[in-house]
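**Q** Mind looking at a prediction? Sequence and model below.
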Amino acid sequence: MDQILKTAREAFGFDALRPGQGEAIQAVVGGRDTLAVLSTGSGKSAIYQIAGLLLDGPTLVISPLIALQLDQVENITEHLPGEAAEVNSTKGEGARRETLEDLDEGDLEFLFLAPEQLGRPETLDRLRAAEPSLLVVDEAHCISEWGHDFRPDYLRLGALVEELGHPVTLALTATASPPVREEIVERLGMRDPAIVVRGFDRANLHLGVERFHAEERKLEALIERVAGAPKPGIVYAATRRLAEEIADKLDGRGVAAVPYHAGLRGKLRDELQERFMDDEVEVIVATTAFGMGVDKANVRFVFHHDVPESIDSYYQQIGRGGRDGAPAEAVLFYRPEDVGRQRFFAGGALEYDELERVARAVGLARGPVGPDALAETLDLPESKLSTALNRLEEAGAVQLRADGDVARPPGAPGSEEAANAAARAEEARHQFDRSRVEMMRAYAEHETCRRAFLLSYFGEEHPGRCGNCDNCAAGRFDPAPQADGRPWEIGARVTHGRWGGGTVQRYEPDQIVVLFDEVGYKTLALELVSEHGLLHDA
C-alpha cells in the first residue's frame, strides 16, 4: 500500500485514496482479476491508472464511447505526457498505425479503444504482440444483458482475454446488481476475482414517487413540476414521440428544453448534449439514448415520465443528478398501468425457428462467419441476431471470437438440440426480466423508506430510515431491522422446491425477497415460508 500511495501522489498528485480504490488497486497489482463497482465520482479511472504504472507492460482500456476515451487520454497526458493514446473511428489509418507501433515498441503505457476496433486483424495482432499486463473493461455492465446498457460488441471481450493470454483483468462500473456482477465475471472469464463494491448510497438525492390514475394528469403534473424546479434537469420518457411532446410543452411554458433520442442525427445529438453541458439548455427530455458519458455536476433533478425496465436502469439514470453533492430530486411519475407496457417489452422472446436457423447457418459455414453476413443471409435484425448468438453460445453451439466473427466449436450440439437449449435459456431470461419489472413496480408502490429499498436491491443494508425520501418525510419508514426476526442473513443462499437456488435479498416487515438464479426476484410472506417450509438452507 505504501508503494501504491507513493505512485498516486507522485504521478497524479493524489493526497489520499477514496474508499474502495486502494483495495481494488492492491488486488490488481497482486495479480488478481478484479471487479470494482464504485459510484460515479469515486475515482474508478484512478484504479487502472495507478495499477497500470505499477505493473510491467502496457495497459489496454476498452471504453465504449469516443468522448470517454478522449477525456481519459487528456487526463493522463496532463500528468504523464506521451503515455496515453486512443484508437477509434476518428483516427486516420496512418495515425492508427503509428499509435499501435508505439504500443508495440513499449513507448505507450495506456491504450484506449472501443470493442469494435477489435474486428481489425492488424489491431488484434498488435495487441497480442504488445503483451499487455492489464486489460481494463470500463462501463463493464455493457457486457451484461441484465445491465442497463447492454452492447453486443462487448460480448467479444471474453474471447479477447483469452487471445491476449489472460492478462490481469479489471472490470469497472458504477452500477451493478448481484446478477449483473455475476454475468460480468462469467462473460469475461475472470478467475477467482476480487469484487469490490462501495458507495451505492447517494444521500443528497431526494427520492420520491407521484402516483396518478389518468395519463393526462400525470403529464400535466410533470410539466408543472419541471417548470417550477431549479434547473438544469433531465426528464426521461419512454418514446421519441413523448420526448418531443414534453419538450414542446415545456418550451411553451418558457423553459429552454430540447428533446434527445436516437432518431436525431448524430451531429445534432452531440450539439444538443454540448449545449446542455454548457448550461445553454435548461432541460433535456430524453429517451435512454442519453446517458453514458454524461458527467454534468449541477443537475438538480431527474424526473421519469415512465417506469424504466429495471431498478438497475432507474438507479443509473437518477445517479446523474446532484453529482456536485448539493441537493437534487429524483421523482418517478407513476401509473400502475405503466408497468403493463414494460411487462410487454420484457415478454417478447425469440422464436424457436429463429434460434434453429441461426444455429444451422453457423454450422453450415465453412469457417468463422461475420454477424453482418449472417444477418443478411437470415434476414434478421441485428438485435435479434445478437440475442440468438448469445443464447446459442450459452448452449455451447457457437463461439464468439475476439474479432467479432462467429464459429462452430468442436463437439458443438446439432442445430435442433442447440435450439432447444437456447430456447430454454431465452425463456428463463425473460422470466428474470419480468421479475425485474415487478421490482420496479414494488419500488413505485413501496410504503416505507425508498432508499432502503434501492440499496437492498444492490446488496447493501440500510437502517430503514434515510430521512430524504417522500415516505420518510411522511413518517412512513421501517423500524431498525431485527436480526432475530430473520430466518436467514442477507446474502444467504437458500433453495425453493420449484424455483431452485437463490440469494436472500432483503426483508420487509412481513416478507422476504429472494433473488432466484433462474426465475429472478420473488417476494414471499414470512409466515407462509415458516408454516410450509418453502425455503431451506442451500
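**A** Structure received. Numbers count the residues shown, from 1 in each chain.

**Q** and the helix or strand harbouring residue 243, what does it pack onto?
**A** Using DSSP states H and E, residue 243 maps to helix 240-252. When contacts are defined as 3 or more C-beta pairs under 8 Å, 6 or more residues apart in numbering; DSSP states H and E, helix 240-252 packs onto helix 215-228, strand 257-260, strand 283-286. Using the backbone N, CA and C atoms, a C-beta is placed for each residue, glycine as well.

**Q** Mind checking these for the one nearest to residue 122?
**A** Of all the helices and strands packed on helix 240-252, strand 257-260 sits nearest to residue 122, with 35.9 Å by C-beta to C-beta.

**Q** right, and the helix or strand after the closest one?
**A** helix 266-277.

**Q** now what about that following helix, what contacts it?
**A** 232, 258, 260, 264, 281, 284, 289, 290, 294, 296 (C-beta atoms under 8 Å, 6 or more residues apart in numbering).

**Q** how about low-confidence regions in the stretch 51-200 of the chain?
**A** Applying pLDDT under 70 to the stretch 51-200 of the chain flags residues 146-148.

**Q** In it, what residue spans correspond to helices?
**A** According to DSSP state H, counting those that start in this stretch, the stretch 51-200 of the chain carries its helices in the segments 66-79, 93-104, 121-130, 157-163, 178-187.

**Q** Save these as a markdown table, and put in distance to residue 421 and mean neighbour count too.
**A** As requested, the helices of the stretch 51-200 of the chain are exported to a markdown table (distance: least, C-beta to C-beta, whole Å; neighbours: other C-beta atoms under 10 Å):
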| stretch | distance to residue 421 | mean neighbour count |
| --- | --- | --- |
| helix 66-79 | 37 | 17 |
| helix 93-104 | 40 | 16 |
| helix 121-130 | 30 | 16 |
| helix 157-163 | 19 | 19 |
| helix 178-187 | 17 | 20 |
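
**Q** circling back to that earlier point, tell me which of the helices and strands packed on helix 240-252 sits most buried.
**A** Each of the helices and strands packed on helix 240-252 was scored by mean neighbour count; the highest is strand 283-286, a mean of 27, by mean count of other C-beta atoms under 10 Å.

**Q** Which residue in the contacts of helix 266-277 has the weakest pLDDT?
**A** Lowest pLDDT of those: residue 289, 70.

**Q** pretty sure it contacts residue 243?
**A** No - between residue 289 and residue 243 there is no contact under C-beta atoms under 8 Å: 9.2 Å.

**Q** Please identify every residue contacting each of these two.
**A** The contact sets of residue 289 and residue 243 overlap at 260, 261 (C-beta under 8 Å, 6+ apart).

**Q** More neighbours: those two, which one.
**A** residue 243 (27 against 14; other C-beta atoms under 10 Å).

**Q** quick one: that one and residue 249, what's the gap?
**A** For residue 243, the distance to residue 249 equals 11 Å [C-beta to C-beta, to the nearest Å].

**Q** Over to residue 304?
**A** On the measure of C-beta to C-beta, residue 304 and residue 249 end up 16 Å apart.

**Q** Of those two, give the one with the bigger neighbour count.
**A** Between residue 304 and residue 249, counted using other C-beta under 10 Å, the more crowded position is residue 304 (24 against 18).
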